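Asks: Predicted coordinates and the sequence they were generated for:
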Amino acid sequence: MATSSLFRLDNKIAAVTGAGSGIGRAIALSFAEAGAAVYVLERSVDAGQAVIEEIRAAGGSATFLATDVSQSAQCQQAVGRIVAEHGRLDVLVNNAGIGHVGTILNTTEQDLDRLLAVNVKGVMFMTQAALSPMIARKAGVIVNLASIGGVVAVRDRFAYCTTKFAVVGMTKCVALDHAADGIRCNCICPGRVETPFVQARLKEYADPKQAYEQMVSTQLLKRMARPEEVAAAAIYLASDASAFVTATELILDAGWTAGK
């Protein structure tokens, strides 16, 4: 098999959660370009529709499913729709996630519950829904979006790191429990990524340039990642190029963890 074809997703059916913007949007676009039929799972109808129109305009295949991953029934419904239309789900990308700034002392129970509902339960619910058809076919790939904050502690990110460490743990457990079912499960742990959300937050600082420099100071390359760079890692983990890779956290941190 040619090396280039290893990274293709031709004829694959893929679902990407939180695909309306940022990293999720980049993954959905990249998967479609690689040949997959992509289901864009997103709470925002406007954002989700915009992404599928973008994919279709480029000649790709995309379908929007309004989905709140914190609701188990909606996750089951989304996967049920995909399986009803195609008979299978080949790739699930659990990208949907939210953040919070604060230490343990100024993080409320409600703050933690809000992050747990999306970042942890959302991954659990979508994975539970996807595993049934994957197990039936003895084939499937799950890619979770964790964070560098799931590998090392990040200052003032108590709740966020708590949930992302959980995602790394879930990834390894699913991989261990379902390897015999022909299912691979890995996660991506990016450093800071320059998404529209981050760009908007930067504008709230008195000196956005200084704030940017402070944010990238932990990364040896002195810049944030582009969403497309994270999408490239997702392509690798979803494709046959990573056929011997499972239970792994793929770190994309521009050297953040060097020496730790």
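Replies: Great, that's in hand.
Asks: For residue 66, see how far away residue 236 is.
Replies: Using CB to CB, to the nearest Å, residue 236 is found at 29 Å from residue 66. Every residue, glycine included, has its C-beta placed from N, CA and C.
Asks: More neighbours: which of those two?
Replies: Between residue 236 and residue 66, counting by other CB atoms under 10 Å, residue 236 is the more crowded of the two (18 against 15).
Asks: Give me the nearest residue to the more buried one, chain neighbours excluded.
Replies: Residue nearest to residue 236 in three dimensions, not counting chain neighbours: residue 242, with 5.4 Å by CB to CB, 6 or more residues apart in numbering.
Asks: which residues touch that neighbour?
Replies: Contacts of residue 242 were listed using CB atoms under 8 Å, 6 or more residues apart in numbering, and they are 184, 186, 236.
Asks: Now intersect the residues you listed with the helices, please.
Replies: Members of the contacts of residue 242 lying in helices (criterion: DSSP state H): residue 236.
Asks: Stretch 195-207: how far from the chain's middle?
Replies: How far stretch 195-207 lies from its chain's middle: 21 Å, per CA atoms, centre = their mean, to the nearest Å.
Asks: Count residues in the vicinity of residue 234, would you?
Replies: Neighbours of residue 234 using other CB under 10 Å come to 27.
Asks: in the helix or strand hosting it, what's buried?
Replies: Residue 234 belongs to helix 227-238 when elements are defined using DSSP states H and E. Judged by neighbour count using 16 or more other CB atoms under 10 Å, the buried positions of helix 227-238 are 227, 229, 230, 231, 233, 234, 235, 236, 237, 238.
Asks: How much space separates the fourth one from residue 244?
Replies: In this structure, residue 231 lies at 21 Å from residue 244, with CB to CB as the measure.
Asks: ok, residues contacting stretch 64-72?
Replies: By CB under 8 Å, 6+ apart, the residues outside stretch 64-72 that reach it are 15, 17-18, 39-43, 45, 48-49, 51-52, 74-75, 77-78, 81-82, 94, 96, 117-118, 121-123, 125-126, 128-129.
Asks: List buried residues within the residues you listed.
Replies: If you count burial by 16+ other CB under 10 Å, the buried members of the contacts of stretch 64-72 come out as 15, 17-18, 39-43, 48-49, 51-52, 74-75, 78, 82, 94, 96, 117-118, 121-123, 125-126, 129.
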